[in-house]
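J.: Below are the sequence and a predicted model for it; my questions follow.
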Amino acid sequence: MWLYADSGKLKEKYMKILFKKLHREDWLSLHGIATSIYLDGQCYEFAMALHRGLGWPMVGLIENDVIRHALVASSERLFWDALGCVTKKKVGEPFNIRIPTLKPIDENKLRKVRPILDNDIEIASLFAEALWPNLPWQKNTFRRRTMDFLKELTSLCRRHKIWIRAPFPAAQIVLGNYYGNEKGFIASPTMDGQYFFDRLL
């Protein structure tokens, strides 16, 4: 993302913030962890995380008048849970339900079934954002807040002519002198959905 500013406040002409994706092997490992936790376990927390982060409505897979599984609907035919994007026909397969019945649900309905901790929803959010970074995450999500933070950090570094950087990969970050060729920051995802970052030259 390139941002142009011509005001004297920011004193920068260009700003660039890049987000790397997980390596394929790391993505597969994280996806395996997510499905083991959130497909047939804490699916309520995962659905609530997707609902809060994307604004998509939640639906419940109903079996014997019980919410057997929770997920969100991105359209009338496509749904998202820990597996990723699934069609209505496939929603019931992991639970041996051949003809799935889906009904709109909300957070109150899920909380009536069992206790749900906000901290568990936040952890689920980190998993979801790391797995599918290109979904339209809203401003309150960790990825979007990280983007805003790194934009402000770039402005701060330019203003003081001091850059935060790592002298070599996995090292502690240091405050380094400004050389004029810094474009912004690059963020690399960790396996727990957070980010390493370094200056971008």
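T.: Thanks, I have it.

J.: domain parsing for the protein?
T.: Here the domain assignment for the chain is 2-21+140-200, 24-131, based on automatic domain parsing.

J.: Of the ones you listed, which shows the lowest average pLDDT?
T.: Lowest mean pLDDT within the domains of the chain: domain 2-21+140-200, at a mean of 77.

J.: D106: what's it in contact with?
T.: Counting by Cβ atoms under 8 Å, 6 or more residues apart in numbering, D106 touches M58. Quick note: C-beta positions are derived from backbone N, CA and C, even for glycine.

J.: no no, L78
T.: So L78 contacts 85-87 (Cβ under 8 Å, 6+ apart).

J.: Please report phi then psi for it.
T.: In terms of degrees, to the nearest 10, the main-chain angles of L78 are phi -120, psi 140.

J.: so what's it bridging to?
T.: T87 (DSSP bridges).

J.: quick one: it from C85, how far?
T.: 6 Å (Cβ to Cβ, to the nearest Å).

J.: Would you pull up how far the longest helix along the chain lies from the middle of the chain?
T.: In the chain, taking DSSP state H as the definition, the longest helix is helix 142-160. Centroid displacement of helix 142-160 relative to its chain, using Cα atoms, centre = their mean, to the nearest Å, is 18 Å.

J.: And for stretch 106-116?
T.: 23 Å.

J.: ok, now stretch 176-194?
T.: With Cα atoms, centre = their mean as the basis, stretch 176-194 stands 18 Å off its chain's centre.

J.: export it as PDB, just CAs?
T.: As requested, C-alpha coordinates have been extracted for stretch 176-194 and formatted as PDB (Å, rounded to 0.1, in the frame of the first residue of the first chain):
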ATOM      1  CA  GLY A 176      19.200   2.800  14.000                       C
ATOM      2  CA  ASN A 177      20.200   6.000  12.200                       C
ATOM      3  CA  TYR A 178      18.000   7.300   9.400                       C
ATOM      4  CA  TYR A 179      19.700   6.800   5.900                       C
ATOM      5  CA  GLY A 180      16.900   8.200   3.700                       C
ATOM      6  CA  ASN A 181      16.200   5.000   1.700                       C
ATOM      7  CA  GLU A 182      13.700   3.600   4.200                       C
ATOM      8  CA  LYS A 183      10.300   3.100   2.600                       C
ATOM      9  CA  GLY A 184       8.300   1.900   5.700                       C
ATOM     10  CA  PHE A 185       8.000  -1.500   7.300                       C
ATOM     11  CA  ILE A 186       7.400  -5.100   6.400                       C
ATOM     12  CA  ALA A 187       5.400  -7.400   8.700                       C
ATOM     13  CA  SER A 188       5.900 -11.200   8.700                       C
ATOM     14  CA  PRO A 189       3.300 -13.400  10.400                       C
ATOM     15  CA  THR A 190       4.100 -15.600  13.300                       C
ATOM     16  CA  MET A 191       2.500 -19.000  13.900                       C
ATOM     17  CA  ASP A 192       0.300 -17.600  16.600                       C
ATOM     18  CA  GLY A 193      -1.100 -14.900  14.400                       C
ATOM     19  CA  GLN A 194       1.100 -12.000  15.500                       C
END
